[in-house]
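> Show me the folded form of this:
(2 chains)
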Amino acid sequence: MIRKLDSFFEPRSVAVIGATSGRHKPGNDILLNIAANGYSGELYLVNPKGGEIMGKKVYCSIGDLPLGIDLAVIILPAILNPQAIRECALRGIKAIVLAAGGFSEVDEEGRLLQAELEAVVKETGVRVIGPNTSGVTSTPFHFTSSFFPLGRIPRGHISYIAQTGNFATHTMRYIATGEHYGVARVVGIGNKVDVDESDVLEYYATDPETESIFVYLESLKSPRRFLEIARETTRRKPIIMLKGGSTEGGSHAAGAHTAALASDDRIIDGALKQAGIARIYKYSHLILAAKALSAMPLPRGNRVSYLAPSGAMLVAMTDMCQKYWNLEVPALEESSRSRLQEISPPYIRMRNPVDIWPSAIVHGIEFAYREGMEAVLKDPHIDAVVPILMITDETGVPDLQFVVDLARKYPGKPIYVTFSAEKKHMEAAKAFLEPRGVPTFPMIEEPFEVLSILEQCRRYMDRDAAKKGAI
Amino acid sequence: MKEIENLLKEAMGQNRRTLSEYESSRLLMAYGIPTAKGALGRDWDEVKKAAAKIGYPVVLKVCSPEVSHKTESGLVAVGLRNEADLEAAFKRIGEASPVKDADCLVQEMVKGGRELVVGMVRDPQFGPCVMFGLGGIFTEVLGDVTFRPAPLVESDAMEMLMEIRGNKILGAVRGMEAVDLDSLVQCLMAMGKIGMAHEEIQAIDVNPLIVRGNSPVAVDALVILKSNNGI
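Numbers count the residues shown, from 1 in each chain, chains lettered A, B, ... in the order given. From the prediction side, this is the model:
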């Protein structure tokens, strides 16, 4: 089946209009990116100066290109875009990424130019992503249209839709260099003259490479369609969204209470809930929740157990689980509890959450955390486990292979690691655990925040099966 | 539904921004929302007959599309136990009314300890959205409300009921019966249907929706129409 937008995500041939040999220019960085990601389709370069770039022939004009190229990436000044689209259309190109900024996001002149683009898109029937975007990244096809230096983008099963140039550029660079998870597809949708968030969501919904979808949007071009697609998709794939900005109030009729109370925030809240989209409020959660989903299954519920070396952490996290995160810290099965008791000195009565320090003092850190984690992982009342690892020079640096082994032994339950540790040991633990499939989080609240988000996704996924709520 | 379409068409034709309360209650009833019994009276004779038919105690209100905020302006009299009460109220309201010789609405007195609000608003992005929350003065004071784009399926409506902070009010509290949630769900779904069916309606407040025994009853409704210039 050929799906709509396939030419963007799986182009067999690509033309870069505005390719250049000048280093550190967008028209050059895109070529380096394409090479770094190992794109294996046909690549065509266009620049009026002709010649060769990186050993490849450069066509002097779009008109010289062979017919039937799948995708064109146009990196030209805004004013030249409408004509370039027409010329591409004449060569049979049906999908185009427009990189240039300088349209409706800047001034009146730009707005008129964007209106012209819209007219040209209608007239030629091409599909356009942009303008004002770095376009598309598609790791299964080893392709990116990004003109920001990215290097090789790691492959995974998370896909992003972002209404910001920054996400597909600098944030991707952070993900590629600072985290150990990969992406499937990333689209910066820019000014949306044609392809909008709903088109991309529809593609991701049926995309076998995409297992979860993360969205950053400031506006919705086709809100009701987006919600409809999301409502269907969230039965199978989590959708997590940060909605940035809100339009000015006062557009509602005055005089009715309902209208006065209908703030953007309330309406969007209801709309996203209806669609089964987990709403987030922190930009960093676009990364942290993705990291968790890449490595671990979606939790089956909201019941958490955690092991901490400090009573303060146990108390503070328990408070926040109830107050902010909608997470339960349930009592354990007696068999799990008595196992915890076995590994601890008799002066402490063990329960959930798990005070692991007395056991660590007696048996060593590795034994205590290993046995303690296994006891709660086995417990049928627990959906996810957060070990808060104590690692300092003085208290000892455990071999963390046991965490990896436990994750493999209990694949149905997420393990999110966080720390009470020295920075160098946290970094070493991250470097060891994450490539082995166990996500780590530097700040102690983060694994709980992530769990709280993913627990919502689970509820949305199961909602057809769920019975009516009780008061 | 033909009746409702005609009613809306007529109101739009007269460049009105609201329906009268009586027209509003006809709209709600047409969509199956339980509504307080009421009848219009143009003069004392008709008002008296209407009250006798509905049965005391009754409520008397001025009913005109030009009059809103009736309670604040002294244009509502509640708890009228007999004809003498009614006559005094009729005179008082007639004098206070800014619209002379306006119709009066005689309504059954709906008693219940719990007031809810159900509403609809046409959002520029998401289209018709349904609201549910705590009613009466608490709507303004607490703003404990929740929205969903229409149309609603049953589970949407049920989630809305559970979502407000004050959802315990729907349970068995203070010796009151638990509210019939299915009936409330039907009200919310009906509100969504109205929003989907009638483009001319910009917003609706049903406030209060009083819980009588365990059943919600719409007691006051305000329907705001789109202005002809589209706002």
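> okay, CA-based contacts and neighbour counts for the rest of this
Noted.
> how far is the strand ranked longest in chain B from where the chain is centred?
For chain B, the strand with the greatest residue count under DSSP state E is strand B:201-212. Remark: strand B:201-212 is offset 4 Å from the chain centroid, using CA atoms, centre = their mean, to the nearest Å.
> Residues contacting that strand, please?
A:253, A:256-259, B:110-122, B:135-136, B:179, B:195, B:216-226 (CA atoms under 8 Å, 6 or more residues apart in numbering or on different chains).
> next one: stretch B:132-146
Residues contacting stretch B:132-146 (CA under 8 Å, 6+ apart): A:257, A:261, A:266-267, A:270, B:115-119, B:131, B:147, B:160-161, B:163-166, B:188, B:207-209.
> one step back: now check the helix or strand just after the longest strand of chain B, is it near chain A?
Counting by DSSP states H and E, the element after strand B:201-212 in chain order, helix or strand, is strand B:215-218. No - between strand B:215-218 and chain A, judged by CA under 8 Å from any CA of the partner chain, nothing touches; the nearest distance is 15.2 Å.
> and A:Arg236, how far is that from chain B?
Note on A:Arg236: its distance to chain B, by CA to the nearest CA, to the nearest Å, is 18 Å.
> before we move on, what SS does that residue have?
For A:Arg236, the assignment made with DSSP: H, G, I helix; E, B strand; the rest coil gives coil.
> Excluding covalently adjacent residues, which one is nearest to it?
Spatial nearest neighbour of A:Arg236, excluding adjacent residues (CA to CA, 6 or more residues apart in numbering or on different chains): A:Met461 at 6.4 Å.
> so who does the one you found touch?
Listed by CA under 8 Å, 6+ apart, the contact set of A:Met461 reads A:234-238, A:276.
> which one of those residues is nearest A:Glu366?
Relative to A:Glu366, the closest of those is A:Pro238; by CA to CA it sits at 34.5 Å.
> What is the neighbour count of A:Phe147?
The tally of other residues near A:Phe147 (other CA atoms under 10 Å in any protein chain shown) stands at 25.
> Which pLDDT does the model give B:Ser73?
For B:Ser73, the pLDDT comes out at 74.
> now do A:Ala260
pLDDT, A:Ala260: 81.
> the domain parsing of chain A - what is it?
Following automatic domain parsing, chain A resolves into domains at A:6-289, A:298-461.
> that's a strand at B:Ser73, yeah?
No - using three-state DSSP, the assignment for B:Ser73 is coil, not a strand.
> related to what we said a few turns ago, give me the PyMOL select line for the contacts of stretch B:132-146, limited to the buried ones.
A single PyMOL command is used to select the members of the contacts of stretch B:132-146 judged buried by 16 or more other CA atoms under 10 Å in any protein chain shown:
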select buried, (chain A and resi 257+261+267+270) or (chain B and resi 115+116+117+118+119+131+147+160+161+163+164+188+207+208+209)
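> Show me the shaky parts of the stretch 301-450 of chain A.
Nowhere does the stretch 301-450 of chain A drop to pLDDT under 70.
> Which residue ranges make up each domain of chain B?
B:2-34+B:112-225, B:38-108.
> Next, work out how far apart A:Leu406 and chain B are.
Counting by CA to the nearest CA, the gap from A:Leu406 to chain B is 37 Å.
> Can you read off the backbone torsions of that residue?
Per-residue torsions, A:Leu406: phi -70, psi -40 (degrees, to the nearest 10).
> What is the burial count for the nearest residue to it once chain neighbours are set aside?
Nearest residue to A:Leu406 in three dimensions, chain neighbours excluded: A:Glu374, at 7.0 Å (CA to CA, 6+ apart). A:Glu374 has 20 neighbours, counted by other CA under 10 Å.
> Now do the SS call for A:Glu374.
Following three-state DSSP, A:Glu374 is assigned to helix.
> Indicate which one of the domains of chain A is closest to B:Gly171.
Shortest distance between B:Gly171 and the domains of chain A, using CA to CA, is found for domain A:298-461: 21.5 Å.
> Show me the strands in the stretch 201-350 of chain A, by range?
Applying DSSP state E, counting those that start in this stretch to the stretch 201-350 of chain A gives strands spanning A:212-217, A:239-243, A:278-280, A:304-308.
> partners of the longest one, with directions?
In the sheet containing strand A:212-217, the strands it pairs with under DSSP bridges are strand A:155-162 (parallel), strand A:239-243 (parallel).
> Buried by neighbour count: which residues of stretch A:387-404 qualify?
A:387-392, A:397-398, A:402-404.
> Now the weakest link among the domains of chain B, please, by mean pLDDT.
Per-stretch mean pLDDT for the domains of chain B is lowest at domain B:38-108 (a mean of 89).
> Stretch A:116-136: end-to-end distance?
From its first residue to its last, stretch A:116-136 covers 23 Å (CA to CA, to the nearest Å).
> And it, how far out from the chain middle?
Centroid displacement of stretch A:116-136 relative to its chain, using CA atoms, centre = their mean, is 25 Å.
> Name the surrounding residues that touch that stretch.
A:5, A:8-9, A:81-82, A:85-86, A:89, A:93-103, A:144-148, A:164-165, A:168-169, A:185-196.
> For chain B, what is the nearest residue in chain A?
Closest contact between chain A and chain B, by CA to the nearest CA, is at A:Gly270 (4.7 Å).
> quick one: that residue from B:Cys129, how far?
9 Å.
> Now the common contact residues for the two.
Here A:Gly270 and B:Cys129 have B:147-149 as joint contacts, going by CA under 8 Å, 6+ apart.
> Quickly compare the domains of chain B and say which is most buried.
domain B:2-34+B:112-225 (a mean of 20; mean count of other CA atoms under 10 Å in any protein chain shown).
> how far does that domain stretch from start to finish?
End residues of domain B:2-34+B:112-225 are separated by 18 Å (CA to CA).
> which parts of stretch A:321-338 are buried?
Buried, per 16+ other CA under 10 Å, within stretch A:321-338: A:321, A:325-329, A:331-333, A:336-338.
> name the element the spatially most distant residue from the centre of chain B belongs to?
Ranked by distance from the centre of chain B (CA atoms, centre = their mean), the top residue is B:Ala84, with 27.0 Å. Assessed by DSSP H and E, B:Ala84 sits inside helix B:83-96.
> now B:Met158
For B:Met158, the host element (DSSP H and E) is helix B:154-163.
> Please enumerate the strands of chain B.
Counting by DSSP E, chain B has strands at residues B:38-41, B:58-63, B:76-80, B:103-108, B:114-123, B:127-134, B:145-149, B:201-212, B:215-218, B:221-225.
> okay if I get the ones you listed as JSON lines plus distance to A:Gln114?
Compiled in JSON lines, the strands of chain B are given as follows (distance: least, CA to CA, whole Å):
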{"stretch": "strand B:38-41", "distance to A:Gln114": "56"}
{"stretch": "strand B:58-63", "distance to A:Gln114": "52"}
{"stretch": "strand B:76-80", "distance to A:Gln114": "56"}
{"stretch": "strand B:103-108", "distance to A:Gln114": "55"}
{"stretch": "strand B:114-123", "distance to A:Gln114": "26"}
{"stretch": "strand B:127-134", "distance to A:Gln114": "26"}
{"stretch": "strand B:145-149", "distance to A:Gln114": "31"}
{"stretch": "strand B:201-212", "distance to A:Gln114": "32"}
{"stretch": "strand B:215-218", "distance to A:Gln114": "50"}
{"stretch": "strand B:221-225", "distance to A:Gln114": "35"}
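> Ok, which of those strands comes nearest A:Ala428?
Nearest to A:Ala428, of all the strands of chain B, is strand B:145-149, at 46.1 Å by CA to CA.
> Show me the strands paired with the closest one, marking each as parallel or antiparallel.
Note on strand B:145-149: by DSSP bridges, its sheet partners are strand B:127-134 (antiparallel).
> Can you pull the residues of chain B lying near chain A?
So chain B meets chain A at B:119-126, B:129, B:131, B:139-140, B:143, B:145-149, B:155-156, B:158-159, B:162, B:167-168, B:170-171, B:202-205, B:222, B:224, B:231 (CA under 8 Å from any CA).
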